[in-house]
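> Attaching a predicted model along with its sequence, questions to come.
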Amino acid sequence: VDLRQELLAFYDRYYSASVMKLAIVGKQDIDSLHELVLSKFRDVANKNTLPPQYSDDVFDKSSSASSLYKLTPIVEHRELKLNWMLPSCYTDVRAQPTSLLSYCLGDESPGSILSYLKELGLATALSAGLSY
């Protein structure tokens, strides 16, 4: 599998105005905001495609998720990203449970996960937070 080609094919198929959403807030009047949006997004093609559909079972062993891919990078870059699928916290938004998790994982003070990884020479930076 040529991962780069697969990613480019995904981009070509799904980078479409039909699967994008935009929310904008600003101090400007609505006409100015409208013009700003048009100037930035007018050229995004509408390919009339539907968004990709994924299985609810992210650990489905029958999928390609259980495959190992060895890649040759185009640019030298070392990064490890760990993602967890969490249940929706929407109903608890005022309590901000994900902020507590981000604070604990992203702390950089002595005794933190990052300071420990730095001592072992395994990390130079760490960030934690929600991604949608």
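Received, thanks.
> Sort out which residues of the helix or strand bottoming out on mean pLDDT in the chain are buried, please.
Least confident helix or strand of the chain, by mean pLDDT, DSSP states H and E, is helix 97-106 with a mean of 80. If you call a residue buried by 16 or more other CB atoms under 10 Å, then helix 97-106 has these buried ones: Leu101. Yep, even glycine has a C-beta here, placed from its N, CA and C like the rest.
> Buried ones in whichever helix or strand comes after that helix, by neighbour count?
Counting by DSSP states H and E, the next helix or strand C-terminal to helix 97-106 is helix 113-119. Across helix 113-119, burial judged by 16+ other CB under 10 Å covers Leu114.
> which residues are contacting helix 113-119?
Helix 113-119 has contacts (CB atoms under 8 Å, 6 or more residues apart in numbering) with Leu105, Gly106, Asp107, Glu108, Ser109, Ala123, Thr124, Ala125, Leu126.
> Disregarding flanking residues, what is the spatial nearest neighbour of the first one?
In other words, Leu105. Nearest residue to Leu105 in three dimensions, chain neighbours excluded: Ala128, at 3.6 Å (CB to CB, 6 or more residues apart in numbering).
> which element is that neighbour on?
Applying DSSP H and E, one finds Ala128 in no helix or strand.
> residues near it, how many?
15 (other CB atoms under 10 Å).
> Could you list every helix and strand that the least confident helix or strand of the chain packs against?
Applying 3 or more CB pairs under 8 Å, 6 or more residues apart in numbering; DSSP states H and E, we find helix 97-106 packed against no helix or strand.
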